[in-house]
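Novice: build me a model:
(chains A and B)
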Number of protein chains: 2
Amino acid sequence: MTVVTQGSELRTVLAGHGRPRVLVPTMGALHAGHLALVRRARELAGSAGTVVVSIFVNPIQFDRAADLAAYPRTLEADLAACREAGVAVVFAPEAGAMYGADRSVTVTESLLSRGLCGAARPGHFDGVCTVVLKLFLLSGCEAAVFGEKDFQQLAVIRRMVRDLDVPVAIIGHPTVREPDGLALSSRNVRLSAAQRADAPRLRQALLAARETFKSGVRTAAEVLASARQHLEESALPRIDYLTLVDAESLQAVTQIEGPAVLATAVFYGEVRLIDQVRLEP
Amino acid sequence: MTVVTQGSELRTVLAGHGRPRVLVPTMGALHAGHLALVRRARELAGSAGTVVVSIFVNPIQFDRAADLAAYPRTLEADLAACREAGVAVVFAPEAGAMYGADRSVTVTESLLSRGLCGAARPGHFDGVCTVVLKLFLLSGCEAAVFGEKDFQQLAVIRRMVRDLDVPVAIIGHPTVREPDGLALSSRNVRLSAAQRADAPRLRQALLAARETFKSGVRTAAEVLASARQHLEESALPRIDYLTLVDAESLQAVTQIEGPAVLATAVFYGEVRLIDQVRLEP
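Specialist: Down below sits the predicted model:
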C-alpha cells in the first residue's frame, strides 16, 4: 500500500496501477462503516482495478472551527485498517496541499443543499462538492463509493456529477449500524457514556414514525409528531431538525405521495448526529 | 468530420479517436482568430491525436437577454470551416442538452472575475467556468486552446484548473487582428460601417498608452490618461472600463511595479468590444 500526500504524486503513483480506479473519500477516523465502503470498492475494482482511499479532514466544509478542531484524527490506525482491507493507495494530504492561500474557485449547489443539514451549516455542501470534485479529478477514478448515512451529501454529489458531467459513477452503500441501531459515525466516540446509551433513540424515533406511516398515515405532520414524541422522551438530545422531504428533490412535503425521507439531526451536547429512514408509499 | 449534439454521444464518438484530445471551445461565428486556435490545436494533437471544436452559445454566461439573442449564429459556415481546418469532431449541442431545467450546480470564481468584464456582467464568469468545466469533462481532453483576447476569461479558467485540479493543459494563443489592428471578434459583424471604421481606436489607444509607459511613466493614472484621451477623441465609443491591473491577480494597481495589463471594454452602440495590452517593466 502506498501513502501519498501530494496531488501530483497521487497521479504519478496511480499511473502505475490498473483500471478501474475506485475511490472511497473519507475524513479518516475510519470505522466499520468506512470499511464496508472499502469492501464494496474492492468488489467494484475487481482483480485488475485499484482502490484509492482519501483521508482528509476538509476544512472548507466545516462552518464551526470548534467542530473542525474536535474532529477525531487517527491516521496510524486508519492506515493499518486500509492495509488490512486491501487498499492500494491512500491519499492523505495536508490542507495546504489541497488549497492554495489565494484559492478562489468553489463548486456550489443551490437547491438540494439548502435545507436539512445545509440550513444550519452555511457553505457546508459547497465545501463538500469542491473537495469531492478535486478528489475525483486528482484520482481520475471511474467510480466512488459513499455511505447512505449522509444521504443529503450523497444526493448533492449525485446532482453535481449530473450537472457538471463528471465521468464518475456514484455508488451509495447502506448505513452500517451498531447492534443497538446507532448509525456508525466518526463522531460517536465523542459521546459521553450517558449520551451514547441514549443515542439509539434517533433510530428508534425514525422507526416508530415509519410504523405510523406503515399504518396508513400519509400526513407529514402526523408522521413527524410520532418521531418527535419519541425523541422528546429524553432530555439529552436537542433537535436540530426533523423533516420529511421528497426523496429526489429534498424539498419538504406535507403529504407523502411518492418516495420520501424522514431525516433528523440532533445534538448530544456538542456532538451532532444524523440519521434518516426512507418511506415508500 | 463527425458532428454530435449530445454529451453521451460525444464520449462514444471520441472513444474511437486517438489521444491526445485537444479541445477548442467556441461560441461559433468562427473567424480567422478561431481558426488560428484550431491550427494550434492540430499542432498539439499531432498525427495521432484528435481536435475537438465545441460550438455552443452558452446562455448562462450572458447577463443580458438581448446580447444572447443578438449573438451571431452561423453553424453551416462554422462546420465548413472546421472541416477544412482538419477538425475531427464538432460538438454543437442545444442548450437543453447542456443544462437540465432543474440545474443547481455552478462553478464560481470569486477573485479574478470580480473586476473588469465581471464588474458589469454579474454571473458571466461563473457561467464561463461552469460550461468550460462541463466541456472539459465531456470531451475528456488533455489540452484546450483559448484566445488571449479574452484575457480575463483565460486567467479565470487557469485559476479554475489550478483550484479544482482539472487535468487539462490550458494553452493561450495570441490575439489575431485585422490589418488595421482591430482584434477579431464574432461581435465585429454587428458594427455599423462608421463604428467599424472607428473601432481600431481601441488598439491605438492601448498602444499610445504603452508608448507612455515605455517612456518611463510608471504611474497608472498617467498611463490610463494617455489611453483615455485617445479613446475620447471620438464620440462613437462609450467606455465601459479602462483599467490597469496586475497581470496575475487582475487587481487594479496604482504603480506599475511588475507585469501589468492595460485593459478596456467599450460599447459601440449595443456592441461591446474588448482589448488589452501587456506592460512589462
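Novice: chain A: helices as residue ranges?
Specialist: Here chain A has its helices, by DSSP state H, at A:7-15, A:32-45, A:65-70, A:75-84, A:95-98, A:116-120, A:124-139, A:151-164, A:193-198, A:201-214, A:220-231.
Novice: and the most centrally placed residue in chain A, what does it touch?
Specialist: Central residue check for chain A by Cα atoms, centre = their mean: the C-alpha nearest the mean position is that of A:Asp150, 3.5 Å away. Applying Cβ atoms under 8 Å, 6 or more residues apart in numbering or on different chains to A:Asp150 gives the contacts A:Ile274. Placement of C-beta: from N, CA and C, glycine included.
Novice: tell me how far it lies from A:Arg196.
Specialist: Separation of A:Asp150 from A:Arg196 (Cβ to Cβ, to the nearest Å): 20 Å.
Novice: equivalent analysis for A:Ala65, please.
Specialist: Using Cβ to Cβ, A:Ala65 is found at 25 Å from A:Arg196.
Novice: settle it for me: which of these two has more neighbours?
Specialist: A side-by-side neighbour count of A:Ala65 and A:Arg196, using other Cβ atoms under 10 Å in any protein chain shown, places A:Arg196 first with 17 against 9.
Novice: where does pLDDT dip in chain A?
Specialist: By pLDDT under 70, chain A contains no weakly predicted segment.
Novice: now do the domain split for it, please.
Specialist: Taking automatic domain parsing as the domain assignment, the ranges for chain A are A:2-173, A:186-276.
Novice: and these, which is most packed in?
Specialist: domain A:2-173 (a mean of 19; mean count of other Cβ atoms under 10 Å in any protein chain shown).
Novice: can you list the residues of chain A near chain B?
Specialist: Contacts of chain A with chain B, taken as Cβ under 8 Å from any Cβ of the partner chain, map to A:7, A:11, A:99-100, A:102-112, A:129-130, A:133-134, A:137-138, A:140, A:159-160, A:162-167, A:249.
Novice: show me what residue of the stretch 151-281 of chain A gets nearest to chain B.
Specialist: Here the stretch 151-281 of chain A gets closest to chain B at one residue, A:Asp163, 3.7 Å apart by Cβ to the nearest Cβ.
Novice: these two touch, right, that residue and B:Val107?
Specialist: No. Using Cβ atoms under 8 Å, A:Asp163 is not in contact with B:Val107; the gap is 10.0 Å.
Novice: hmm, A:Met27 is touching A:Phe56, no?
Specialist: Yes. Using Cβ under 8 Å, A:Met27 is in contact with A:Phe56, at 6.5 Å.
Novice: what's near enough to touch the residue of the stretch 151-281 of chain A closest to chain B?
Specialist: B:99-100, B:103-105.
Novice: contacting chain A as well, which ones from these?
Specialist: Contacts with chain A within these, counted by Cβ under 8 Å from any Cβ: B:99-100, B:103-105.
Novice: between those, which is closest to A:Asp78?
Specialist: Set against A:Asp78, the nearest of those by Cβ to Cβ is B:Val105 (30.2 Å).
Novice: how about the contacts of A:Asp163 in JSON lines, adding distance to B:Ala36?
Specialist: As requested, the contacts of A:Asp163 are exported to JSON lines (distance: Cβ to Cβ, whole Å):
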{"residue": "B:Tyr99", "distance to B:Ala36": "30"}
{"residue": "B:Gly100", "distance to B:Ala36": "35"}
{"residue": "B:Arg103", "distance to B:Ala36": "33"}
{"residue": "B:Ser104", "distance to B:Ala36": "37"}
{"residue": "B:Val105", "distance to B:Ala36": "33"}
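Novice: which residue is the nearest non-sequential neighbour of A:Glu222?
Specialist: Nearest residue to A:Glu222, sequence neighbours excluded (Cβ to Cβ, 6 or more residues apart in numbering or on different chains): A:Thr212, at 6.5 Å.
Novice: same thing with A:Asp126?
Specialist: Distances taken as Cβ to Cβ, 6+ apart put A:Thr108 closest to A:Asp126, at 4.8 Å, once the chain neighbours are dropped.
Novice: which residues does that neighbour bridge with?
Specialist: Counting by DSSP bridges, A:Thr108 forms beta bridges with B:Thr106.
Novice: got it, and A:Arg238?
Specialist: Taking DSSP bridges as the rule, A:Arg238 bridges to A:Phe267.
Novice: what of the one 5 residues further on?
Specialist: Under the criterion DSSP bridges, A:Thr243 forms beta bridges with A:Ala263.
Novice: also A:Gln255?
Specialist: Going by DSSP bridges, A:Gln255 forms beta bridges with A:Thr219.
Novice: can you list the domains of chain A in JSON lines and add distance to B:Ala88?
Specialist: Formatted as JSON lines, these follow (distance: least, Cβ to Cβ, whole Å):
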{"stretch": "domain A:2-173", "distance to B:Ala88": "20"}
{"stretch": "domain A:186-276", "distance to B:Ala88": "38"}
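Novice: out of the ones you listed, flag the one nearest B:Ala77.
Specialist: Closest among the domains of chain A, using Cβ to Cβ: domain A:2-173, at 27.8 Å.
Novice: what's the nearest residue to A:Pro174 if we skip its chain neighbours?
Specialist: A:Glu148 is the one closest to A:Pro174 (Cβ to Cβ, 6+ apart), at 5.5 Å.
Novice: pretty sure A:Ala120 contacts A:Ile239?
Specialist: No. Using Cβ under 8 Å as the test, A:Ala120 is too far from A:Ile239 to be in contact (11.2 Å).
Novice: shared neighbours of the two, anything?
Specialist: Common contact partners of A:Ala120 and A:Ile239 (Cβ under 8 Å, 6+ apart): A:Ala265.
Novice: please compute how far stretch A:206-217 lies from its chain's middle.
Specialist: Its chain's average C-alpha position is 25 Å from that of stretch A:206-217, according to Cα atoms, centre = their mean, to the nearest Å.
Novice: same question, stretch A:196-207
Specialist: 19 Å.
Novice: I'd say A:Val53 and A:Val24 touch.
Specialist: Yes. Between A:Val53 and A:Val24 there is a contact at 4.8 Å, judged by Cβ under 8 Å.
Novice: overlap of the contact sets of these two?
Specialist: A:Val38.
Novice: quick one, what contacts A:Pro25?
Specialist: Applying Cβ under 8 Å, 6+ apart, we find A:Pro25 in contact with A:54, A:56, A:131-132, A:135, A:144, A:146.
Novice: likewise A:Arg103?
Specialist: Going by Cβ under 8 Å, 6+ apart, A:Arg103 touches B:Asp163.
Novice: do you know how far A:Ile239 is from A:Gly115?
Specialist: A:Ile239 is 15 Å from A:Gly115, by Cβ to Cβ.
Novice: and for A:Val38?
Specialist: According to Cβ to Cβ, A:Val38 and A:Gly115 sit 31 Å apart.
Novice: could you do A:Arg40 as well?
Specialist: A:Arg40 sits 28 Å away from A:Gly115, going by Cβ to Cβ.
Novice: and for A:Asp275?
Specialist: 16 Å.
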